[in-house]
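Chemist: how does the following fold in three dimensions:
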Amino acid sequence: MRSTDSPTSLTASVPRAMRVYAVGDIHGRLDLTEIILDLINADQRERGILPAMIVFLGDYVDRGPSSKEVVDRLLGDLGECLSPVFIKGNHESLLLSFLRDAQDNFWLKNGGDSALLSYGVDADLVKFATRGTPTGLQEASARFRDALPESHLSFYRNLRPCFRVGGYFFVHGGVRPGVPLEEQCEEDLLWIRDPFLTSNKDFGAVVVHGHTPAREPQLLPNRIGLDTYAFKSNRLTAVGLEGTRRWILSTAS
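Modeler: Sure thing, here's the model as predicted:
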């Protein structure tokens, strides 16, 4: 599905002769990932193929059944003239913390159990670890590390906290109002909700983000929210940007 093109409320734009797509939180849904990539590639052809960036806004893993398969897909061929940029989400931060030192079950209780299962970690061990038992947590972490391809570990470790092009700033969670974009701390970039979501200030760029789910994409003067609860709603959302135009692509029929 594609919305009608509309101008931004501010003067934000992307550089001439290029196009940018941004994709919201995937959360382990390979099926929706395939659909949104097909929609983006079809959109490229319909509009006339341009060199295009495709910015993924983080939270590739957890909750849905196919975390491993999603990362495999993102590391593959995404389409003609599409250059990927991968943003770090708070769920990838939790995943890395679990690999470093599994001291609690916070990640597992927030969807990380599904990620472990997708990497082939034994279901009984995952269930045991989710209870928060120290021996279970450490064993699950070790099994996860053994099952994790080096390409995936490199992927998780090299995710970008933010990315800017033209008048748009791409991030997972959001930004802290009143703090220059170049001085934002990573914790806010990954986790913030309020006061970011309730601010009507000019952040210095239009912030394109995920992290906070809504039933519909949020196209506001100072931010664009693209988390539409894909793992549960079956609606994975992307925005296309060219010049001062923007449009929505969605897996929802």
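
Chemist: all helices of the stretch 101-250 of the chain, in order?
Modeler: 106-107, 113-118, 123-130, 134-147, 150-157, 186-191, 230-233 (DSSP state H, counting those that start in this stretch).

Chemist: who are the packing partners of the fifth one?
Modeler: With contacts defined as 3 or more Cβ pairs under 8 Å, 6 or more residues apart in numbering; DSSP states H and E, helix 150-157 has these neighbours: helix 67-74, helix 90-100. To be clear about C-beta, it is placed using only N, CA and C from the backbone, and glycine gets the same treatment.

Chemist: which residues does it contact?
Modeler: 68, 71, 74-75, 86, 92, 95-96, 99 (Cβ atoms under 8 Å, 6 or more residues apart in numbering).

Chemist: again, 10 Å this time
Modeler: Under the contact criterion Cβ atoms under 10 Å, 6 or more residues apart in numbering, helix 150-157 has outside partners 60-61, 67-68, 71-72, 74-75, 86, 88, 92-93, 95-96, 99, 119, 145, 148-149.

Chemist: out of the helices of the stretch 101-250 of the chain, which is the most enclosed?
Modeler: Highest mean neighbour count of those: helix 113-118, a mean of 23 (counted as mean count of other Cβ atoms under 10 Å).

Chemist: show me the contact partners of that one.
Modeler: Helix 113-118 is contacted from outside by 27-28, 30, 60-71, 91-92, 94-95, 98, 105, 107-108, 121-123, 125-127, 129-130, 140-141, 143-144, 147, 231, using Cβ under 10 Å, 6+ apart.

Chemist: which among the helices of the stretch 101-250 of the chain is found nearest to Val171?
Modeler: Val171 sits nearest to helix 186-191 of all the helices of the stretch 101-250 of the chain, at 5.0 Å, using Cβ to Cβ.

Chemist: neighbouring contacts of that closest one?
Modeler: Here helix 186-191 has contacts from 58-59, 87-94, 160-162, 169, 171-176, 179, 181, 185, 196, 209, 211, using Cβ under 10 Å, 6+ apart.

Chemist: among these, name the ones in strands.
Modeler: In this view, the contacts of helix 186-191 that belong to strands under DSSP state E are 162, 169, 171, 209.

Chemist: of those residues, closest to Arg245?
Modeler: Phe169 (17.9 Å).

Chemist: that closest one and Asp202 touch, don't they?
Modeler: No - using Cβ atoms under 10 Å, Phe169 is not in contact with Asp202; the gap is 11.5 Å.

Chemist: follow-up on the earlier one: which among the contacts of helix 150-157 end up buried?
Modeler: 60-61, 67-68, 71, 74, 86, 88, 92-93, 95, 99, 119, 148 (16 or more other Cβ atoms under 10 Å).

Chemist: good, wrapping up.
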